[in-house]
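Q: take a look and give me a structure for this.
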Amino acid sequence: MVWVLGPWIVDDDLWALVEPLLPPWPERSPGPRPVPDRLCLQGILFVLYNDIAWQLLPLELGFGSGQTCWRRLDRWQEAGVFDRLHRVLLAELKAAGELDWSRTCVDGSHIRAKKGGADTGPSPVDRRKTGSKHHLIYDGRGAPLKVITAAANVNDITQTLNLVDGIPPVAGRPGRPGRHPESVLGNKAYDSKAVRRELRRRRILPPVISRKGTPNIKGLGNLRYVVEQTFALLHQFKRLAVRWERRLELHDALVSLGCSLICWRRLKRIES
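A: Numbering: from 1, shown residues only. Below is the predicted model:
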């Protein structure tokens with residue numbers, strides 16, 4: 001009974017945002033009637049929160065089998081559902097004045113990759129065990145804007161511009177949707193003249209990256225708590241703290257879903 005009341009239950013308000021994004025089923029599809037999308041989403045969330053194997057999803061929950069939920073995850077990631085949901089929720093935050101576009105920060109966090117797969121490599125912080133790394137760019141209040149999964153041995157510098165350019169266009173207020181933030185902050189791991197040059201070309205204010213051998217730039221220390229909190233929120237979804245999906249696109253779909261839920265909780269706090 002405790003399971004039934006867990007955080008994986010999709011309330012009406014969240015479902016109203018998710019349902020229009022889902023690809024429709026054919027009106028006359030062969031075979032038995034598919035498990036309702038809302039129940040499958042709750043099954044996916046159960047796995048996301050509890051990090052159990054798909055085949056161990058309890059049938060008594062009524063969410064369908066683990067294989068059914070996995071197939072629905074695969075179908076929805078192909079349709080781009082989770083990336084679109086993340087974009088919708090970022091727009092809601094922006095409309096509510098809760099998105100700090102004036103400053104963003106980049107950072108990374110290592111995770112183990114138990115089954116290997118694409119974009120894995122020997123981790124320099126975990127005795128060279130196979131792992132990946134979540135590269136994150138977040139706004140000044142900790143909202144995740146973009147997460148990139150790369151091999152654990154990939155240098156942080158290589159992902160800086162990918163993170164900045166990967167921020168989706170965020171609507172929510174009159175005018176053109178925001179794409180590039182006003183400033184990007186990073187620690188010494190992102191020290192690169194080429195990166196600074198490219199950020200300036202994107203009209204992002206310098207200085208943005210701490211230089212090696214010098215103190216961190218002003219304001220970066222205040223954001224350390226924010227990034228640690230954001231990664232803690234992201235990795236509280238146990239399926240993201242350890243990578244089990246060999247297919248990178250499925251892992252990234254779950255990452256986008258986790259980012260969406262972080263944004264959703266912030267919206268709910270604003271409303272309350």
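Q: please make it C-alpha for all contacts and neighbour counts, starting now.
A: Will do.
Q: pLDDT of stretch 77-88, averaged?
A: Average pLDDT, stretch 77-88: 96.
Q: give the buried residues for it.
A: Within stretch 77-88, the residues scored as buried using 16 or more other C-alpha atoms under 10 Å are 77, 81-88.
Q: what's it in contact with?
A: Stretch 77-88 is contacted from outside by 17-18, 21-23, 76, 168-170, 249-250, 253-254, 256-257, 259-260, 263, using C-alpha atoms under 8 Å, 6 or more residues apart in numbering.
Q: could you rerun that using 6 Å?
A: Stretch 77-88 has contacts (C-alpha atoms under 6 Å, 6 or more residues apart in numbering) with 21, 253, 256-257, 260.
Q: and those, which is closest to Gly66?
A: Using C-alpha to C-alpha, Ala253 is the member of those that sits closest to Gly66, with 16.5 Å.
Q: what is the helix or strand hosting that closest one packed up against?
A: Assignment of secondary structure by DSSP states H and E places Ala253 within helix 248-271. In terms of contacts (3 or more C-alpha pairs under 6 Å, 6 or more residues apart in numbering; DSSP states H and E), helix 248-271 is packed against helix 81-95.
Q: how far off helix 248-271 does the helix it packs on point, in degrees?
A: Angle of helix 81-95 versus helix 248-271, following axes from the mean of the first three to the mean of the last three C-alpha atoms, to 10 degrees, is 30 degrees.
Q: output helix 81-95 as PDB, nothing but the C-alphas.
A: Extracted as PDB, the C-alpha positions of helix 81-95 are listed here (Å, rounded to 0.1, in the frame of the first residue of the first chain):
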ATOM      1  CA  VAL A  81       8.500  13.200 -25.500                       C
ATOM      2  CA  PHE A  82      10.900  13.700 -22.500                       C
ATOM      3  CA  ASP A  83      13.000  16.400 -24.100                       C
ATOM      4  CA  ARG A  84       9.800  18.300 -25.100                       C
ATOM      5  CA  LEU A  85       8.400  17.900 -21.600                       C
ATOM      6  CA  HIS A  86      11.500  19.400 -20.100                       C
ATOM      7  CA  ARG A  87      11.200  22.300 -22.500                       C
ATOM      8  CA  VAL A  88       7.600  22.900 -21.600                       C
ATOM      9  CA  LEU A  89       8.400  22.900 -17.900                       C
ATOM     10  CA  LEU A  90      11.400  25.300 -18.400                       C
ATOM     11  CA  ALA A  91       8.900  27.600 -20.200                       C
ATOM     12  CA  GLU A  92       6.500  27.400 -17.200                       C
ATOM     13  CA  LEU A  93       9.400  28.400 -14.900                       C
ATOM     14  CA  LYS A  94      10.300  31.300 -17.100                       C
ATOM     15  CA  ALA A  95       6.700  32.500 -17.300                       C
END
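Q: nothing else from me, thank you.
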